[in-house]
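Asks: here's my sequence, what's the structure:
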Amino acid sequence: GGAVIMTQTLAHPAPEDVQEAGSLTHRAKRQEKDENLIQLVTFRLGDEEFGVKILVVNEIIRLVQITQVPNAPEFIEGVINLRGKVLPVMGLRKRFNMPEKALDDHSRIIVMELNHNVVGFLVDAVSEVLRIPESTVEPAPAVVAGVGSEYIEGVGRLDDRLLILLDLEALLGNPMNEVH
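Replies: Residues are numbered from 1 along each chain as shown. The predicted structure follows:
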C-alpha cells in the first residue's frame with residue numbers, strides 16, 4: 001500500500017544525515033532542523049527598516065497616479081487603478097506619524113492582500129527579500145521608532161541592524177473600524 005512507500009521515502013535520507021552530522025557540530029545540525037525561516041519583504045521609512053511576510057505581498061509597483069479621496073482617514077493617500085482594480089493606498093509615514101517626505105524615484109507601493117482586502121502601502125524604498133530565522137525575532141518593545149507596538153509583530157535582529165516586523169492585521173484592521 002501507499003503507506004509503506006511513504007515510510008520508505010521518509011526513512012531513506014537517514015544514512016546521509018548521519019554522515020553529515022559528523023562534519024557539522026551537533027548543535028548546528030539541531031539548530032538547522034528546528035529553525036523556521038520567515039521570508040520577508042523589507043522596506044524603508046526614513047532610517048528605519050521594516051519587514052512584512054512575503055505571503056501577504058502581491059506585488060511591488062513604482063509610483064502611479066494616486067487619486068485623492070474626500071473624507072478618507074488622514075493616512076489614506078488616495079486610490080490607485082491597478083489593471084482596472086481600484087485600491088486604497090495607505091501612507092505608512094502618515095500612519096506612523098512620521099514627517100512627510102517628498103516622493104522620489106525610490107518610492108514604491110507594496111500591494112498586499114489580507115483577508116481579501118487588497119491595499120497598497122506607500123513606502124520610501126523597498127530593500128530586499130530576506131529569510132530570517134524565527135528565533136531572531138523578539139517581541140516588540142512598547143514603542144519602536146515611534147511606531148506603536150500594536151502595529152508590530154516583533155523585532156528581528158540581523159547582524160548589525162534591527163528589522164521591525166509589521167502586523168498587517170492590526171494596521172489594516174483599525175482604519176476600517178475608524179471609518180464606521
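
Asks: which residues does Leu45 form beta bridges with?
Replies: Beta-bridge pairing for Leu45 (DSSP bridges): Glu48.

Asks: in contact with it, which residues?
Replies: By CB atoms under 8 Å, 6 or more residues apart in numbering, the residues touching Leu45 are Leu92, Arg93, Phe96, Met98, Val123, Asp124. Just so you know, the C-beta spots here come from the backbone N, C-alpha and C atoms, and that holds for glycine as well.

Asks: nearest residue to the middle of the chain?
Replies: Val52 (0.5 Å; CA atoms, centre = their mean).

Asks: look at Gln68 and say how many residues are nearby.
Replies: Other residues near Gln68 come to 9 when the count uses other CB atoms under 10 Å.

Asks: that one and Leu122, how far apart?
Replies: 13 Å (CB to CB, to the nearest Å).

Asks: and Gly78, how close does it get to Arg95?
Replies: 14 Å.

Asks: and what of Ile60?
Replies: Distance from Ile60 to Arg95, by CB to CB: 18 Å.

Asks: just Gly120 next, same as before
Replies: Distance from Gly120 to Arg95, by CB to CB: 12 Å.

Asks: more neighbours, these two?
Replies: It is Gly120, of Gly120 and Arg95, that has more neighbours when counted by other CB under 10 Å, with 26 against 22.

Asks: so what does Val129 look like in phi/psi?
Replies: phi -100, psi 130 (degrees, to the nearest 10).

Asks: what of Leu171?
Replies: phi -60, psi -40.

Asks: what's the spacing between the closest residue to it other than its chain neighbours and Phe50?
Replies: Of all residues not flanking Leu171 in the chain, Tyr151 sits nearest, at 5.3 Å (CB to CB, 6 or more residues apart in numbering). From Tyr151 across to Phe50, the span is 10 Å (CB to CB).

Asks: same check on Val79?
Replies: 23 Å.

Asks: the two - which one has more neighbours?
Replies: Ranked by neighbour count (other CB under 10 Å), Val79 and Phe50 place Phe50 first, with 26 against 18.

Asks: the more buried one: which element?
Replies: strand 48-53 (DSSP states H and E).
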